[in-house]
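>>> Sequence first, predicted model second:
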Amino acid sequence: MSALSGTGRLTRLALRRERAIAPWWVLLIVTLALIMVNYITTRMGTYALKVEYTQTILRSPFLYALGGGGVEPRLDVLATWRSGGFLYVFSALAAVMSVVRHTRREEDSGRAELVGSAVVGRDAPLTAAVLVATGVSLASGLAVAAVLIGIGFEPVGSLAYAGAVAAAGWVFGGVAAVAAQLARNARTATTIGLSVLAVSYVLRYAGDATGRHWLAGLSPIGWSHLVRPYQDERWWMLGLSLLAGAALLALAHRLLERRDLGAGLLPERLGPATTTRLRGPVAVAWRLHRTLLLSWAAGIAFFAAAAAGLSPFVKDLLARPSVVTDGIVKMLGMPSAAVGGYSWYLILILAYVVTLYPVLMTLRLREEETSGRAEAVQATPLTRLRWAAGHLVVTGLGTAALMAVAGLVFGTLFSVLVGDLSTDLPRFLLGALSVVPAAWCVGAVCVLAYGLLPRAGIAISWIAWILTALLGQVAGPLYGLWGGSPLEPLHYVRNPFGDEPFHPGSLAALLAVTAILLYGGLHALRRRDFGR
């Protein structure tokens, strides 16, 4: 029997399971591409406006790095320059989630062992997972190309753009395949994949912001940006992505041969034979969450430090007023172009990232339930509601701790570089903590979905976070939604550097909505069948 025997059947099985997930990724990517085209068309209808906007971008390293790569005053270039950063990241994210779902998660649930008892080669499940993830990325890219060609964009540039989107998914599908061999469970494999994606984005951004373009050349996300669709179409960059993805896939297969089914290559630290530290639901939840929380804290501290390092660029940007600068100043609710208030925009970026943390921790509840571990815990005097409440308490406090880390690190470095430690640090810290109720509210939506619709809860949770990010104050301005949308919780977070007074009513309303959603989710969890 060949090592690839059964790959075709497993690919069809994975495609069948992806039918409820993959179309949403494709729709999201196509929608973002069209939104950017519509924004450029409506907001910069004349060539003079496009030239003014392009000149503003080129003068600001901070804004220039958001899109990455070259920018020209043409509709096709501007639209893809603004949307590319999102499309490449979402394509990579979809690939990581898909590969882990069809490899490591299958082993965690025991289904991989059941499938392996049939006529299936050892390499077949991994190969099928990567093929499906790559297929979704390719379908997303081709759908974008078809839509752009349909509205009159150049076919060659549109195909290059499609290739860049698909290449990001191909490379990070390989990254996820390697992570699935290293990690002991799906959660760790996903963390590894997303960490590599985050580092890749930071490298690309830092390279474009500082002019050290060799940094972008080290980033797989940067390779997609360097394709430069609708400009000089560097097709050889797609070849680099293909080679990197193939090398990662070969490495993953080699690692697969060296490990046992259900095990990982990274060594595990054995716990004590007995302990008195796991008394109570909060202690149990802390033991399960602490490693991931500390990893998140380290990542947030790194990104906050990197963002604070851009403060001198922000100060230089404000010295050159423009339409774009005035728009962001208005969005942030500042009376004038204050450096601290403008830098608050960077804290908001971190806030939308941290909002993902309670979402992932809520999904952890479903994972514990379906794996049977939660049921084993509830064989003790620990009830179902106390078990869930322990996880939620740790999640809520962890979210607050992450925002405190962001405020402290960013505020300290900002004060050292361009501000005043005695006034700016407290503002950034309190401002970062004011985001916490909004993040809790997003997590509470996920708890309600988990309690009421456990099988659809994963999709609902991801949709809730994606809509929060897309309708928010960071992504919204990219398509004309200055100030975000009242439909997302972070819209009600006050800018600590603005003139708008603090309204405790907004905070109280967020906390009340969060409490209602949590009550609804826990009540539904108490009444429904557990483990289904």
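Okay, I see it.

>>> From the chain's centre, how far out is the helix or strand A449 falls within? Work that out for me.
Assigned by DSSP states H and E, A449 belongs to helix 436-452. Taking Cα atoms, centre = their mean, to the nearest Å, one finds the center of helix 436-452 at 17 Å from the center of the full chain.

>>> average pLDDT for it?
Average pLDDT, helix 436-452: 92.

>>> now the helix or strand just after it and helix 436-452, what's the angle there?
The first helix or strand that comes after helix 436-452 along the chain, using DSSP H and E, is helix 457-470. Interaxial angle, helix 457-470 versus helix 436-452 (axes from the mean of the first three to the mean of the last three Cα atoms, to 10 degrees): 150 degrees.

>>> and after helix 457-470, which helix or strand comes next?
Scanning forward in sequence from helix 457-470 by DSSP H and E, the next helix or strand is helix 504-527.

>>> any idea of the angle that following helix forms with helix 436-452?
Helix 504-527 and helix 436-452 are oriented at 20 degrees to each other (the same axes, to 10 degrees).

>>> So which elements touch helix 504-527?
helix 384-417, helix 436-452 (3 or more Cβ pairs under 8 Å, 6 or more residues apart in numbering; DSSP states H and E). To be clear about C-beta, it is placed using only N, CA and C from the backbone, and glycine gets the same treatment.

>>> now what about that helix, what contacts it?
The contact list for helix 504-527 (Cβ atoms under 8 Å, 6 or more residues apart in numbering) reads 384-385, 388-389, 392, 434, 437-438, 440-441, 444-445, 447-452, 489, 492, 494.

>>> In that helix, which residues are buried?
506-507, 510, 513-514, 517-518, 521-522, 524-525 (16 or more other Cβ atoms under 10 Å).

>>> out of the helices and strands packed on helix 504-527, which comes closest to L255?
L255 sits nearest to helix 384-417 of all the helices and strands packed on helix 504-527, at 31.6 Å, using Cβ to Cβ.

>>> so after the closest one, what's the next helix or strand?
The element immediately downstream of helix 384-417 (helix or strand, assigned by DSSP H and E) is helix 421-433.

>>> Where does the prediction get shaky in the stretch 351-500 of the chain?
Flagging of the stretch 351-500 of the chain using pLDDT under 70 yields the residue ranges 474-484, 497-500.

>>> element containing T370, please.
helix 356-371.

>>> Show me what that helix is in contact with.
For helix 356-371, contacts defined as Cβ under 8 Å, 6+ apart pick out 108-109, 186-187, 288-289, 296, 374-375, 388, 391, 394-396, 398-399, 402, 439-440, 442-443, 446-447, 450, 454, 457-458, 461-462, 464-465, 530-531.

>>> Same check on stretch 101-121?
With contact meaning Cβ under 8 Å, 6+ apart, stretch 101-121 is reached by 1-7, 10, 14, 17, 122, 125-126, 128-129, 132-133, 176-177, 179-180, 183, 185-186, 189, 261-262, 370-371.

>>> at 6 Å what do you get?
Stretch 101-121 is contacted from outside by 2-6, 14, 126, 129, 180, 185-186, 189, 262, using Cβ atoms under 6 Å, 6 or more residues apart in numbering.
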